[in-house]
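1. fold the following, please.
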Amino acid sequence: MKEQVEGRAAKEERQRQFVATQQKVMEKKFKQGQTAILSRQASKQKKDELARSKSAKANATREGVKADAAARREDEEALKETLQKRRAAMLDAKKKALKKRAASLEERQHSAKLERDNDVLFRNVRDKDTACKRAIRQGVYSRRYVNVSDMSSKLGASAEEFQQLWVMNPEELAERNQEYFERIKTVAPRTDDNVEDDACGIARAEYAAHSKAKKQEEAARIQRANEEIKARLAMVQAKTDVDISDELAGQARGAAAAATKERKAAEAAELKKQNELMKKRLANAEAKTDNDVGDDEAGLARAQAAAASKAKKEAEAAELAARNAALAERVKNSQAKTDNDIDDDAAGIARAEAAAASKARKAAEMERLKKQNAAIAARLQNTQAKLDDGDGLNTDAARRASWFS
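-> Residues are numbered from 1 along each chain as shown. This is a model prediction of the structure:
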């Protein structure tokens, strides 16, 4: 903000100097005209012919001056019109660039929406397939397990064997489970765990191919647009002097910045010195009142209560830790009667592979978008206006434009 104020002040100073110079030139021309008139009158008194000759020459000179002034005004009007056309062309190009950027953003949003819709459709199909399989599994479980009250009527001859298993001790039950495990190992699966030949797997493959093609097309388009922008930026040449450091305003700005820096450094040193003195005073200060309750009856009672509370909490914590250890030991020694872990099955392995692939794809997409955004931000950071946009940084262009306003 301070640099902008200094820039405006420098601009106003240059305008005042320009107006003063013009006034001096006009006054000089006026004095020269008065001197010429007096000379013509004196010469006319001496010789009429010489006066007429000089008058004719003066008339010719004035006509030439008028012609030069008219030509100068025409040149100024032409230059002003050229500047206005250039400014209009730059504004038009800026509008086109903004329109193109908006179209690109809209296209990206549309692509992201399509991808989200594909993900939702895939999740719906997957959830539907999962619900179907869960219903089938629930039916299998309902046919496999029965209540104790209906055991005799539904199991028939097997009810006696079930009752034997129910009353077995852990050692006998472990031997019987081992026998069943050996039998289960030799059983061939009767269910199809491969989803690739189902509707869900086919839809997943189609959506993956469509998404991959769309992303490849988007990447190619972005690459072409980036190459075009790089080529245009490489051909750009500065038409205005945007470096103010070699002018009076830039030198004044540098001097003001140096003075401000020195002043802030002196203020910081003074503040640091005062803080150190205050710390020393506070360290050497002594309390005038007894604010230590530890040597009073209340302090002693507080210490005894705190010690009793601490001992009670430690005893409770030890008892709770012993209970937790006993419970953990019981849970550790317990054995599951059913296999409810799906991670070691084909479906669990496929689920883990799909999750890893999706995570890698999303990470790559985020990295690509991050690099692209960083490149656009760097381009915008390095872009400078060719005309004055009101921020006080391009005062030369504003000063030249004010001549013809």
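
2. neighbours of Asp48, how many?
-> Counted by other CB atoms under 10 Å, the residues lying close to Asp48 total 10. C-beta here means a position set from N, CA and C on the backbone, and glycine is covered the same way.

3. can you pull the pLDDT of it?
-> Asp48 is assigned 75 on the pLDDT scale.

4. and if you look at Lys31?
-> Note for Lys31: predicted pLDDT of 78.

5. and Arg8, by the same measure?
-> In this model, Arg8 is scored at 77, pLDDT.

6. other SSEs contacting the helix or strand that contains it?
-> Element membership for Arg8 (DSSP states H and E) is helix 2-46. Other helices and strands packing on helix 2-46, by 3 or more CB pairs under 8 Å, 6 or more residues apart in numbering; DSSP states H and E, are helix 48-144, helix 248-284, helix 395-403.

7. and the ones you listed as TSV, adding distance to Asn373?
-> TSV is the format used below for those (distance: least, CB to CB, whole Å):
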stretch	distance to Asn373
helix 48-144	11
helix 248-284	32
helix 395-403	31
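
8. nearest to Leu320, out of the ones you listed?
-> Smallest distance to Leu320 across the helices and strands packed on helix 2-46 (CB to CB): 37.9 Å, for helix 48-144.

9. distance from the closest one to the middle of the chain?
-> Remark: helix 48-144 is offset 22 Å from the chain centroid, using CA atoms, centre = their mean, to the nearest Å.

10. circling back: worst average pLDDT in the helices and strands packed on helix 2-46?
-> helix 395-403 (a mean of 47).

11. point out the most buried one among the helices and strands packed on helix 2-46.
-> Most buried of the helices and strands packed on helix 2-46 by mean neighbour count (mean count of other CB atoms under 10 Å) is helix 395-403; its value is a mean of 16.

12. please report how far the residue most central in space within the chain lies from Arg361.
-> Closest residue to the average C-alpha location of the chain: Asn373 at 8.0 Å, with CA atoms, centre = their mean. Asn373 is 19 Å from Arg361, where distance means CB to CB, to the nearest Å.

13. still on that earlier bit, so for the residue nearest to the centre of the chain, what's the pLDDT?
-> Among the per-residue scores, Asn373 holds a pLDDT of 84.

14. can you classify it as helix, strand or coil?
-> Secondary structure, DSSP: H, G, I helix; E, B strand; the rest coil: Asn373 is helix.

15. ok, Asn275 to Arg281 distance?
-> Counting by CB to CB, the gap from Asn275 to Arg281 is 11 Å.

16. do the same with Lys230
-> Lys230 is 64 Å from Arg281, where distance means CB to CB.

17. what of Ile229?
-> As for Ile229, its distance to Arg281 is 63 Å (criterion: CB to CB).

18. ok, Asp129 touching Asp198?
-> Yes - shown here, Asp129 and Asp198 form a contact pair, counting by CB atoms under 8 Å, at 6.8 Å.

19. who touches Gln251 in this structure?
-> Residues near Gln251 by CB atoms under 8 Å, 6 or more residues apart in numbering: Ser245.

20. what sits against Leu121?
-> Ala203, Tyr207.
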